[in-house]
Structures are given as structure tokens and as C-alpha cells.
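Participant: Need coordinates for the below:
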Amino acid sequence: MDVERSVRLTIEAQPSDQPAAAGRFMATPFEPQPSDSTPRPSVADDENNEVSCSFRRVEDDPVAAAGPERRLTLLALRLAVLEKAASGLGALGFIWATVVLLGGFAITLERVDFWSVTVILLVEGARIFSRSHELEWQHQATWSLAAAGRSSARLVARSFRFVFGRHGAAGSTKMAAAGAASGRRTTWPWSGWSWSFLSGHVGRLFYWLQLASATACVVLSAARLARQDFGDAVDARTNRRSALDIFYGLALAEALLFLAEKAAWEWEVSHGRLLERVAAECGLAGGAPGIVAIRRFFYDAYSRCIDGSIFDGIRMDLVSFAEELIVGGSRDEQRVGVGILVSVAASPRLGDDALRRVGTSPAVVERLVEMLSWKGAAEAGARASAALVVSKLASKKRNALRVAGVPGAIESVSSLLYAADEECNLLGLLIIKKLARDHDNCSKIGNARGLLDKIIDFSAIPGVSLSPLSSPATTATATLLTPSRAKAVQRSLQVIKMLAETTGSTGKQLRREVAEIVFTVSNIRAVLQHAGGHIELRRLGAEVLTRLAMDADARERIGSTGGVVGLLLDMFLEPSATGHAAISARPEAGEALAMLALESPRNCDRILKLNAGATVDLLVDALGDAAVGVGAARILSNLCAYARHGGGAGWFPRLRGATRGAAAALRGVVAVSESRPLEVWLGLAAQLVRLMGPRELAHHLAGAGVSEEDLVNRLVSVLATYACPSIKAPRIRRFAVELVIALLRRDDSPPARPAAELMAAVGMAGELRRVAETTSELECFHVFSGSAGLSRHAVGLAALVDTALELIGAAADEQQPSLHST
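Facilitator: Numbering: from 1, shown residues only. Below you'll find the model as predicted:
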């Protein structure tokens, strides 16, 4: 038995397995994909390397790490230095006035100096009071939202009612009663004021009060210092004059520092429009919300410099500010925060670092995922912004795992697909596509209720009937696919493809569930038929069918769906296809046809009936096409195998016409050195040689310009080169052995003496024995799902080797009596 002869080996890449050219011979289900292989084609191979390098570059360069907002934090630092210097001088002047002047010289002070000191102290007290509240009210004004301070607003409203309603409770009661009698709600004159309007004007009131106080302080202090008429009392003349000079000097210096701070503020913010320029550089100048966000950031940085260390504000940046708003703010503040993240993440210089920081904050990631499920119409913009940030986060594998690890993340993402906004739909599909790169996430996506059905719904072309009799792609039909809808169809097909090519039991279950949805194959058929102007969509449709057809039941479902096989064949044989996209779509259609024809008599019968039974001739003609020659050879191999196993007795004459392509197959066996196409040509040659007699083989060898000796030497060379199983061409040794058997059996009985003699002369038996000693499970399957084999060969490689050795031995035994008789 062949199982007894099989042994386990460590499979390594062969030296002959040269890397294919870019865009050519991409990984297919016909070869295994080890677990440590490169990422899926839908993701850039060097994405992680580029990201990590960019992180190092940003972290190693502090200047590059600073964004445009650094100018705001530096301005806040300079203003805070002036403010704290003025506050220090003011505190010193207040202590000097209360302890030295009013405490020690209060009786001896002239009336003018006494009231000047008193007025300065009162004015400075008013300025300090207005200063501490002006910043708070201006900060509140930047929220620009009614919900930003409801408790404070209610407090202010009650205060206004108390002030304006001091005429008595009776008056208020009368107004309320009058309103109730008229059936109208009682409104106050200020009830229409918005919170931002109120807080902004209160802040401006405090601002002008500070300026007035500082101006009055400068005028009084300068006037008293200039006059120096402090009185002529002898008992305290010297110390009193010095004390007053010190106080007035401190008051003047404090007021001048404060005015210098305000001048710098106005010059940079109002005249220089620093906030607007920074907002534009940060990508936040699209409207009022962006300016509000930058202004709020500046006030926060300035407040931190004032309230704590002057260096607290300079440590702030937009990312940390946005994270604080998202995690600890109200829903309106979360809108502002996510808008900031969108703008920063779009920066080519700072985007990667910002996403890395956001991705390492579980609280922020969880809140962003929660925002995906917001339903309100007013929250649609914030929802789309959160989806955009999550999609960027999911581009990195670690962040994708963190996103998927949030409880209910898949459900929140799937809610985007049910939104009435196309942008949310596209972002939802994009996030699912990026999450599907991980095997565990594919399982979660498959288990999410209704998610697979919704994803497949987006693969439908609107306005196209499910009937296969609808007209082919036309310009009018192509216009049904708007750019946004075409992108939705593309992302839907990409997600279905990634789910279908998932490995292991999860992939098997997903392929079955996707194929069992009744709209899956019909939608893909519509894409193949009506997306004529979108070659990429047709290519993706063929790829999805190839992956789904890895399951035997799905293979039959696809083939039994009317028109699918014919559309794939037309797409594969399309002679007018030009351009890279069109050329790359034809091999994908060929792979889908080869997969459908694999061990499926019904699908083989459907393929052979197309084009009035001339399918074989068309495929033979396609063998000479450089773009699809390998695909045509693979399809013909599966069709010939179907006829050889007795499934197509009625079509045997037409299949025998495939021998017309034997010359191309034999030429490929001898001339091609690349492992993947060589494997296919060997398989086709083995099938065609079985269908012809010795004279016909000689004819085709002559047509290929190859002698039988060259062919035998080539087979020995192939077996010697691939001394161990090859990952890139797992069936190459099997097909070589099958061709050896076909050459030995082409006379049916007895074995062909010329071929047997040639094989004995070049040591074929020794190479076959080495193959028998190195067989592997890798060579026992038609197709693979990752590193797991699917669709096992009916006859093992070890049994084929035994058959070939027996035929060579029988030929040698017959050769001995003939030699003795001579």
C-alpha cells in the first residue's frame, strides 16, 4: 500500500524554486501556504516594517515629533511666564501695602496716598478676580455646545432670574399665571441665548475689566511716582517715601507686565491669527469646529501653565488632548476629540506615531469602538470619523487585535453596514477586511449574527436581475455602478475572499456557510456578467469562486448555477482583453475553471458542452497564449482526467482531440525551468500521452522538436532536481512519475521497449527508488487550505512509483529472452 511507503519529511524550499516575478504566479490553492509565509496579498508585505521604522524615526527626532500645535504651547508658556511674574509682583505689592503702608504708615499717609493705595489694591483685586474667571468663561465658550455646562447654565439662569425678578415673587407668579392662561410657555428675554453666546460675552466682560483695572493702576502709580508729593512729616519722612516708591513701582511693574502679556496675546492670536494658521496646518481649518478645537486646546495648555508648573502645558499635544476628550469628556467633546484624531492621523509625518499612541490606550480604543454604534442623525459625522480612525488602527496587526478584543467590537463594526450613510458602509467593510487578516477574527465574523448575509448583500449590483438570461455588460448597465457602489462591491468581494481562504476547520465552516447563502453565487455571477467596465471586480469574483470551490459541495453549487461556468470560460478566453487588470483577470478565471473541473464529472460535462462542444479546441488554442497557457493546461488536465476515469465516455472523441496540444505540452516539459508552470506542463503531458498511440507520440515529439531521449533525460533531471517535495510545486514529482508510466504503457501491452531501454540507460529506476524513500503527505493532495491538504489523490505517489518500477522491470525481463534468442 502507498500509505506504508510514505514517510514524514521536513519540507524545504528547493534551489530551483526561484521567486516569481512581481504580479506573476501568485499563491494559489493549488499549493500549500506555511504558517510562517508572507501576509495575505491584500496587505502590503512590508507594511509592518515601514510602520516600525517610521515609529523609530519619529521617536528618535524630538523636533520631528513636535506638531504644529507646539507653537501654541510655546506661546502659552511665554504668556504664563509674564502672567506669573505679574502675579508675583502683585502679591508682593499687596503684602507690602497691607503690612508696611497701611499697617505701619496708615496714620501718617497723606489723604491722596491713602486713597491711591486703597484704589490700587481694589483695582488689582478686581483684576485678579476677573482674571481667574475670564479664562474659565472663555474656556467654557470654546465648547460651543449647549450641553457643555448644563449645571453651570442652570446656576447662571437662576441667578439672572433672581436679579431681574427682584420685584418680588408675586411678580414672577403673575407672569407665570399669565403665561399659563394664554396657553403659551413663559419665556425670559435671555432664554434664546446659547451657552457659547453667554459664556463668550461674560468672558469678554471680564477681559475688558482687567484692561481697565491695569490701565487705572498704571495711571495712578505713574502719576504718584512722578509727583513725589508724599508729605513733609519729620517723624517718618524718609521710610515713608521709600515705602511708597516701592509700592507704586511694584504696582506699575505688575500692570505693565500684564499689559505686555495682553499685547503679546493680541499680537499673536488676533493680529497674527496663530490659531487659524495652526488649525490649517493640522487639517482642522475646514470649519468652525476645527477652530473651536484648536482654541480649546490653547486655553487648556495656558490653564495648565497658570494653574500648575509653567511646563505642564508644553507637554500637551493634540493627540493627548483628543484622548482626554474622548475618554473623559461628554458626547459633544468626544465629537471634537475624534475630529482631531482624524486630522492628525491623516498627517504623513505624524500619523503613524499618533495611531501608535492611540492603539496603546485601551480606554481610547474601547470608546472609539463604542462610538461606531451611535445612531443619532446629529452623531453621523462623529460616527464616520470614529470609523475612519478605527480603520486606520486596524491596518496594524497589533492594533487590529486590540480592536477585535473589545467586547462587542464585531457587533459595533457590523452596525456600520446597516447605516444609511454610504461612507459608514464603506468604512465598515474596510474595518472588517482588515480584521479578517487574523484567523480568530474570521471566526468571530462568521459567528456574528447576520453579518455574513449583510456582507454578501454589498456584493450585489443594483438594478441587475438574478436571472442568467439578462443581457451582458453594456454601457447602460455599467453606469449602475457608481464609484462608491463599485468600491462597496470590491470590498465585499475582498472580505468574502479572505473568509473563504481561511485555513483549518474555521475556513471549512466559513466556505460552507458562505456558499449556502443563496445570493452568494448569483451576486458573483452578476459581477462577472455586468461589471464589464470594472475588470478588478470580475477578477475578484473569479478569485472568490476559486476559494469557495475548494469545498466539494460548493463546487457543485457553483457549477449548477446557470451561466457561471460559461461566463468564466468567456472571461478566460477573451481575446480582446488588454491592460494589466484585464490580463491578470484571465488567469484567475482559469484557476476557477480548473477548480470547478477538479474531480467533478458534472462540471466537466458542463464545460465540454459550452461553445457547441468546441471548448477543447479553444483551450488547445489557448495553450500558446503566454497569459493563460498554464491555466488552459491545468483545465485540460482535469478534463482529460475526467475522461480517463470513465466519467466522459460520450465526450472521449472530443477530449482525444486535445492531443493536438501535445506538442506544446512536451515543449513546455523540456524547455520550462520554473517549477510552477513545469508542474502543470508535466501533468498535461501525462494525461495526453495516455490518449495517444506510439506513432502519434512520435509525431508530436517531432512537432515539438524534442526526441524521446531528450524527454526521458528531462524526466530524470526533474526527479533528481526535486529530490525532496517542493512547496511551490507539490505535484511535480507525481506528474513526472505519471508521465513515466504513460510512456511505458502507451502500447497497452507489452511495455514500450524503446522508452524502457532509455530509462534503464539513464538510471530512471534509481531516481524512482529515491522518490519512494522521500514521499510526503504534501504530495497526496490536489489543493491546499493553508498548510492543510484537501481533496486527496485516489492513488498515492508511492503506489505510482511501484507501478513505474514494475513496468521498467517487466520491460527488462522481456529484453533478456530476446537477447538470448539472438
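
Participant: Residue 777: how many residues sit nearby?
Facilitator: By other C-beta atoms under 10 Å, the residues close to residue 777 number 17. For the C-beta atoms, the positions are set from N, CA and C on the backbone; glycine is no exception.

Participant: now it: how far from residue 86?
Facilitator: Applying C-beta to C-beta, to the nearest Å, the value for residue 777 to residue 86 is 82 Å.

Participant: Please apply the same query to residue 215.
Facilitator: 14 Å.

Participant: quick one, which of the two is more surrounded?
Facilitator: Taking other C-beta under 10 Å, residue 215 and residue 86 do not tie; residue 86 has more neighbours (23 against 13).

Participant: Name the nearest residue to that one, sequence neighbours excluded.
Facilitator: Among residues not flanking residue 86 along the chain, residue 257 sits closest, at 3.9 Å (C-beta to C-beta, 6 or more residues apart in numbering).

Participant: Same check on residue 120?
Facilitator: residue 251 (5.2 Å).

Participant: Where does that neighbour sit: helix, strand or coil?
Facilitator: Three-state assignment for residue 251 (DSSP: H, G, I helix; E, B strand; the rest coil): helix.

Participant: For residue 78, the count of nearby residues, please.
Facilitator: Neighbours of residue 78 (other C-beta under 10 Å): 15.

Participant: Now do it, the pLDDT please.
Facilitator: You'll see residue 78 listed with a pLDDT of 90.

Participant: Which helix or strand contains it?
Facilitator: Following DSSP states H and E, one finds residue 78 within helix 70-95.

Participant: and that helix, how far from the chain's centre?
Facilitator: 46 Å (C-alpha atoms, centre = their mean, to the nearest Å).

Participant: Give me the buried stretch members for that helix, please.
Facilitator: 70-73, 75-77, 79-80, 82-83, 85-87, 89-90, 93-94 (16 or more other C-beta atoms under 10 Å).

Participant: Stretch 523-531 too?
Facilitator: 523, 524, 525, 526, 527, 528, 529, 530, 531.

Participant: ok, the residue nearest to residue 672 when sequence neighbours are not counted - how many residues close by?
Facilitator: Excluding the flanking residues, the one nearest residue 672 by C-beta to C-beta, 6+ apart is residue 678, at 4.7 Å. Residue 678 sits with 25 neighbouring residues when counted by other C-beta under 10 Å.

Participant: can you map out the helices along the stretch 501-650 of the chain?
Facilitator: Using DSSP state H, counting those that start in this stretch, the helices of the stretch 501-650 of the chain run over 504-516, 520-530, 535-548, 552-560, 564-573, 580-597, 601-609, 615-622, 629-644.

Participant: Make CSV out of those helices and add distance to residue 685.
Facilitator: Below are the helices of the stretch 501-650 of the chain laid out as CSV (distance: least, C-beta to C-beta, whole Å):
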stretch, distance to residue 685
helix 504-516, 32
helix 520-530, 31
helix 535-548, 24
helix 552-560, 26
helix 564-573, 21
helix 580-597, 16
helix 601-609, 19
helix 615-622, 14
helix 629-644, 9
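
Participant: Same list (those helices) but as a markdown table, adding mean pLDDT.
Facilitator: Converted to a markdown table, the helices of the stretch 501-650 of the chain look like this (pLDDT from 0 to 100):
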| stretch | mean pLDDT |
| --- | --- |
| helix 504-516 | 92 |
| helix 520-530 | 92 |
| helix 535-548 | 93 |
| helix 552-560 | 92 |
| helix 564-573 | 92 |
| helix 580-597 | 84 |
| helix 601-609 | 90 |
| helix 615-622 | 91 |
| helix 629-644 | 86 |
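
Participant: how about these, which one is nearest residue 733?
Facilitator: With C-beta to C-beta as the criterion, residue 733 lies closest to helix 629-644 of these, at 15.8 Å.

Participant: State the pLDDT value of residue 668.
Facilitator: At residue 668, pLDDT is 91.

Participant: what does residue 110 give?
Facilitator: With respect to pLDDT, residue 110 has a value of 68.

Participant: So residue 461: helix, strand or coil?
Facilitator: The three-state assignment at residue 461 reads coil, by three-state DSSP.

Participant: for it, phi and psi?
Facilitator: Per-residue torsions, residue 461: phi -90, psi 120 (degrees, to the nearest 10).

Participant: My guess is it contacts residue 527. True?
Facilitator: Yes - between residue 461 and residue 527 a contact is recorded at 6.4 Å, counting by C-beta atoms under 8 Å.

Participant: residues shared between the contacts of those two?
Facilitator: Taking C-beta atoms under 8 Å, 6 or more residues apart in numbering as the contact rule, residue 461 and residue 527 both touch residue 489.

Participant: nearest residue to the residue nearest to the spatial centre of the chain other than its sequence neighbours?
Facilitator: Nearest residue to the geometric centre of the chain (C-alpha atoms, centre = their mean): residue 395, 3.9 Å. Among residues not flanking residue 395 along the chain, residue 434 sits closest, at 5.9 Å (C-beta to C-beta, 6+ apart).

Participant: Work out for me the element that neighbour sits within.
Facilitator: Using DSSP H and E, residue 434 falls in helix 422-435.

Participant: ok, back up a step: who does the helix holding residue 78 touch, helix- and strand-wise?
Facilitator: In terms of contacts (3 or more C-beta pairs under 8 Å, 6 or more residues apart in numbering; DSSP states H and E), helix 70-95 is packed against helix 111-141, helix 237-265, helix 274-281, helix 288-307.

Participant: Comparing those, which comes out most buried?
Facilitator: Across these, averaging neighbours per residue (mean count of other C-beta atoms under 10 Å) puts helix 288-307 on top, at a mean of 21.

Participant: which secondary structure elements does that one contact?
Facilitator: So helix 288-307, by 3+ C-beta pairs under 8 Å, 6+ apart, packs with helix 70-95, helix 111-141, helix 274-281, helix 318-328, helix 331-345.

Participant: Worst mean pLDDT among the ones you listed?
Facilitator: When the helices and strands packed on helix 288-307 are ranked by mean pLDDT, helix 111-141 comes last with a mean of 69.

Participant: Let's have the helices and strands packed on helix 70-95 in a markdown table, adding distance to residue 499.
Facilitator: Shown next, in a markdown table, are the helices and strands packed on helix 70-95 (distance: least, C-beta to C-beta, whole Å):
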| stretch | distance to residue 499 |
| --- | --- |
| helix 111-141 | 49 |
| helix 237-265 | 57 |
| helix 274-281 | 42 |
| helix 288-307 | 38 |
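
Participant: Can you tell me which of those helices is nearest to residue 729?
Facilitator: Closest approach to residue 729 among the helices and strands packed on helix 70-95 is made by helix 274-281 (54.6 Å; C-beta to C-beta).

Participant: quick one: contacts of that closest one?
Facilitator: Helix 274-281 is contacted by residues 68-69, 71-72, 75, 268-269, 285, 290-291, 293-295, 298 when judged by C-beta under 8 Å, 6+ apart.

Participant: just stretch 70-88 next, same as before
Facilitator: Residues from elsewhere that reach stretch 70-88 (C-beta under 8 Å, 6+ apart): 128, 254-255, 257-258, 260-261, 264-265, 268-269, 274-275, 278, 294, 297-298, 301-302, 304-306, 310-311, 313-317.

Participant: re earlier: looking at the helices of the stretch 501-650 of the chain, which is nearest to residue 430?
Facilitator: Comparing the helices of the stretch 501-650 of the chain against residue 430 with C-beta to C-beta, the closest turns out to be helix 535-548 (14.9 Å).
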